[in-house]
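> Sequence and computational prediction follow.
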Amino acid sequence: MSNAPWHLRHIRQLIYAALVAAAVGIGITSVFDAPDAAQAWVAVRQYYGLWALGLLLAAMIVGPLCFVLPWLPIKAHLVLGRRAIGVSAFVLAVLHTITYLAPTIYRDWHGLFSPGTMWIAGLGIGLPMFAAMTTLAITSRDHAVTRLGPQRWKRWHSMVYAMLPLLLLHAAFLGADFGINRGPDVTRDPDEGALIGMLSVAAGWLLLFILRWRRVQWKWTPALLESKKA
């Protein structure tokens, strides 16, 4: 690793730096775009949630993507940075949770339950999912892999496969951008494109996962391409 390019040696630090920039950027953009402080909290909450889900999908897609396409130029960056992407998803999930709970409890904690059955169900799904993401984030360190053993660590982290459909359901029940439900504090129109985008990425991950399970690889090489042209 000592002879690797600097951006490969420091890929995790670069991802965490990008995380900080993204978190700050989301907060600043939400404040300037919102008409008041209440709507700024709503906007930042939604963006943190969408980014957390997106980064979790990104972390999940790395493994099957690199297996199916072993010739990817940035394969090493993706593999080495995968855990950092997952931890970044957890950090944004924490910010998403705080930006919802803090103003809601400050105003009136009964607001956690007043929006209706679907809202309560979404919160009920989100609680164990947050606990699971916390476990995955804590055990994402190299020390945890050594302590648990590679096989046991891998079994623990395979729980993310069960988490994905539940997190999508949580987002559908609570996410105003998904266009299915919305909280009482959300005033802007939903953007169903977020739902379509997330489901499309999830479908892409599922396809790649099935291809990896069936040991399918696209072993493209420049020589192969030249022979096809000839």
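Alright, I've got the coordinates. Numbers count the residues shown, from 1 in each chain.

> how about low-confidence regions in the protein?
Applying pLDDT under 70 to the chain flags residues 1-2, 176-177, 179, 181-183, 187-192, 220-230.

> just the strands in it please.
Using DSSP state E, no strands are assigned anywhere in the chain.

> Please, where are all the helices along it?
For the chain, the helices defined by DSSP state H cover 6-9, 11-33, 37-68, 75-107, 117-138, 142-148, 150-157, 160-174, 192-213, 222-229.

> Identify, out of those, the most deeply packed stretch.
Across these, averaging neighbours per residue (mean count of other C-beta atoms under 10 Å) puts helix 37-68 on top, at a mean of 21. Every C-beta, even on glycine, is put in place using the N, C-alpha and C of the backbone.

> Off-centre distance for that one?
Distance of helix 37-68 from the chain centroid (C-alpha atoms, centre = their mean, to the nearest Å) equals 4 Å.

> Quick check: which helices or strands does it pack against?
helix 11-33, helix 75-107, helix 160-174, helix 192-213 (3 or more C-beta pairs under 8 Å, 6 or more residues apart in numbering; DSSP states H and E).

> Asp185 is nearest to which of the helices of the chain?
Shortest distance between Asp185 and those, using C-beta to C-beta, is found for helix 37-68: 5.4 Å.

> so the closest one versus helix 117-138, what angle?
On the basis of axes from the mean of the first three to the mean of the last three C-alpha atoms, to 10 degrees, helix 37-68 is oriented at 50 degrees to helix 117-138.

> do you know how far the nearest residue to Ile15 once chain neighbours are set aside is from Phe113?
Nearest non-adjacent residue to Ile15, counting by C-beta to C-beta, 6 or more residues apart in numbering: Ala84, 4.1 Å away. Using C-beta to C-beta, to the nearest Å, Ala84 is found at 36 Å from Phe113.

> what does Val216 give?
47 Å.

> Same check on Val160?
Distance from Val160 to Phe113, by C-beta to C-beta: 29 Å.

> Turn the helices of the chain into a markdown table, columns for distance to Val186.
Listed next are these as a markdown table, based on distance: least, C-beta to C-beta, whole Å:
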| stretch | distance to Val186 |
| --- | --- |
| helix 6-9 | 40 |
| helix 11-33 | 13 |
| helix 37-68 | 6 |
| helix 75-107 | 12 |
| helix 117-138 | 11 |
| helix 142-148 | 38 |
| helix 150-157 | 34 |
| helix 160-174 | 10 |
| helix 192-213 | 13 |
| helix 222-229 | 50 |
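
> Of all those, which one is nearest Ile180?
Of all the helices of the chain, helix 160-174 comes closest under C-beta to C-beta, at 5.0 Å.
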